[in-house]
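Asks: sequence first, predicted coordinates after that:
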Amino acid sequence: MRLISGRTIAQGENLENKMSEEYFNAVAVCEMNEGDMERVGVSHDENVKVKTKYGEVVVKAKKGKGYPEGIAFIPMGPWANAVVSADTKGAGMPYFKDLYAEIEKTGEEVLRITDLMRKYKAEA
C-alpha cells in the first residue's frame with residue numbers, strides 16, 4: 001500500500017497534551033478504506049503493523065472515509081515518525097507522502113508514547 005501522513009483536527013486539538021489518552025487515540029492509528037481492511041484481514045480497532053524501509057510501528061486500524069484503494073493514512077506524530085526517513089533533505093521536516101508500506105494484522109500491542117520513545121532511543 002502507499003502510506004501518507006498529515007495533520008488532522010483531532011491530532012491538532014491534542015498537541016498540547018501528547019501524554020493524554022485523547023492524543024494516543026487520535027494519532028496511533030492507521031486509516032484505510034474498507035476493502036483494504038478486508039484484504040489485510042483486519043477489523044476496525046484491531047492492531048496492525050505498518051512497515052516501510054525506514055522502520056515499523058504497531059497502530060490501531062481505523063476505517064477511513066474517502067480513501068481510495070491502496071492508500072493508508074497515519075496522522076503526523078510519533079507513530080508516523082517511526083516509519084518515515086529521518087533525512088529531511090535540509091527542509092527540517094520528514095517526507096510524509098507516498099511511502100511504500102506493508103500492512104499486516106498483528107497481536108503486538110500499540111506502544112504508548114513513552115515506550116515508543118524508549119524504543120527509538122534504544123535503536124539509535
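Replies: Sure thing, it's come through. All figures in this text were calculated on a predicted structure; none of them were measured in a lab. Residues are numbered from 1 along each chain as shown.

Asks: the helix or strand of the chain with the lowest mean pLDDT packs against which elements?
Replies: In the chain, no helix or strand scores lower on mean pLDDT, DSSP states H and E than helix 9-13, which sits at a mean of 74. Packing contacts for helix 9-13, counted by 3 or more CB pairs under 8 Å, 6 or more residues apart in numbering; DSSP states H and E, involve helix 21-27. (C-beta placed from N, C-alpha, C; glycine too.)

Asks: for the biggest strand by length in the chain, which outside residues touch it?
Replies: In the chain, ranked by residue count with DSSP state E as the criterion, the top strand is strand 55-63. Identification of contacts with strand 55-63 by CB atoms under 8 Å, 6 or more residues apart in numbering yields 28-34, 37, 40, 42-50, 74, 79-80, 82-84, 105-106, 108-111, 116.

Asks: try stretch 2-22
Replies: 23, 25-27, 50, 52, 70-78, 80, 83-84, 96-101, 113-114.

Asks: what's the local residue count around the spatially closest residue to Ala26 that is not a sequence neighbour?
Replies: Closest residue to Ala26 apart from its sequence neighbours, by CB to CB, 6 or more residues apart in numbering: Ala10 at 3.7 Å. Other residues lying near Ala10 total 14 when counted by other CB atoms under 10 Å.
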